[in-house]
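Asks: Sequence and predicted model, in that order:
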Amino acid sequence: MFDITEHDSTAPAPDDLEILQRFLNLHEHDAEGTTLDPPLEMIRAFLVDRGLLAPEERFTGAHRETYLQLRTALRALIESGREPLTAEEAEVIDRLGVEAGLHPHFHAGHDPTLEPRGEGVAAAFGRIVAIAFVASFDGTFAHLKTCADEGCRAVFYDRSKNQSGRWCSMADCGNRAKVRAWRERQKASR
């Protein structure tokens, strides 16, 4: 079994946005430390662990490919301030929302949600799309960013007052960037 938390040390985003954040940050490392796409069983374990998929549900290689497409599209949506979302990326998100039968659900005790009507993997992916959709309306989606460290690229929740955060962790990625910049300045001054 996979320990999902060992692969994502970023501070958690608030509420349901944390599920989306962790979904986007699933990965493995090879022996050299290169970041790899998550294996099928890791994705399945995450979905089951988060209550998005029943333990008896099948999760196939085709589902893994759909996960990779959705992850790419949602990461592009996070970075859409720099580059617009492509038609293909938008279509992936839209298609999965439709396949899940997303519909609005009003609650007596809390804010409305967008809920999947279906079951299985389609509903699990639909729930992820719903979290992104609702967060785009309440303003929290804009706080999701991709770490500026090219070796990291983790999705993190920017808690800075002016939303100027660049790294998932100042102690790790931010510190490495500062050390690199200092070394470059030292080389230039010689």
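Replies: It's in. Numbers count the residues shown, from 1 in each chain.

Asks: use CA for all of it now, contacts and neighbours both
Replies: Will do.

Asks: Quick check: closest non-adjacent residue to the residue nearest the centre of the chain.
Replies: Nearest to the mean C-alpha position of the chain, by CA atoms, centre = their mean, lies Leu24 at 2.4 Å. Nearest residue to Leu24 in three dimensions, chain neighbours excluded: Arg71, at 5.7 Å (CA to CA, 6 or more residues apart in numbering).

Asks: List the buried residues in stretch 155-173.
Replies: 155-158, 165-169, 173 (16 or more other CA atoms under 10 Å).

Asks: Just the CA atoms of stretch 116-133, as CSV, please.
Replies: C-alpha atoms of stretch 116-133 as CSV (Å, rounded to 0.1, in the frame of the first residue of the first chain):
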residue,chain,number,x,y,z
PRO,A,116,-21.6,13.9,-9.1
ARG,A,117,-24.7,11.8,-9.8
GLY,A,118,-22.8,8.8,-11.0
GLU,A,119,-20.6,6.3,-9.2
GLY,A,120,-17.2,4.8,-9.5
VAL,A,121,-14.2,6.4,-11.2
ALA,A,122,-16.3,8.8,-13.2
ALA,A,123,-17.8,10.2,-9.9
ALA,A,124,-14.4,10.3,-8.3
PHE,A,125,-13.0,12.4,-11.1
GLY,A,126,-16.2,14.5,-11.2
ARG,A,127,-15.7,15.3,-7.5
ILE,A,128,-12.2,16.6,-8.3
VAL,A,129,-13.7,18.8,-11.2
ALA,A,130,-16.4,20.0,-8.8
ILE,A,131,-13.9,21.1,-6.2
ALA,A,132,-12.0,23.1,-8.8
PHE,A,133,-15.2,24.6,-10.2
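
Asks: Just the buried positions in it, please.
Replies: Buried-residue list, stretch 116-133, by 16+ other CA under 10 Å: 116, 120-133.

Asks: to the chain's geometric centre, what's the distance from that stretch?
Replies: Offset of stretch 116-133 from its chain centre (CA atoms, centre = their mean, to the nearest Å): 14 Å.

Asks: Stretch 83-100 too?
Replies: On CA atoms, centre = their mean, the centre of stretch 83-100 falls 15 Å from the chain's centre.

Asks: Please apply the same query to stretch 133-152.
Replies: Stretch 133-152 sits 8 Å away from the centroid of its parent chain (CA atoms, centre = their mean).

Asks: what about it, average pLDDT?
Replies: The pLDDT scores in stretch 133-152 average 90.

Asks: Just the terminal-to-terminal distance for it.
Replies: 25 Å (CA to CA, to the nearest Å).

Asks: still on that earlier bit, just checking, which of the buried residues of stretch 155-173 belong to helices?
Replies: Using DSSP state H to define helices, no part of the buried residues of stretch 155-173 is located there.

Asks: Same list, these, but as a markdown table with pLDDT and distance to Asp15 please.
Replies: Output for those, formatted as a markdown table (pLDDT from 0 to 100; distance: CA to CA, whole Å):
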| residue | pLDDT | distance to Asp15 |
| --- | --- | --- |
| Val155 | 93 | 15 |
| Phe156 | 93 | 14 |
| Tyr157 | 93 | 11 |
| Asp158 | 93 | 14 |
| Gly165 | 86 | 20 |
| Arg166 | 81 | 22 |
| Trp167 | 79 | 21 |
| Cys168 | 82 | 18 |
| Ser169 | 69 | 20 |
| Cys173 | 77 | 25 |
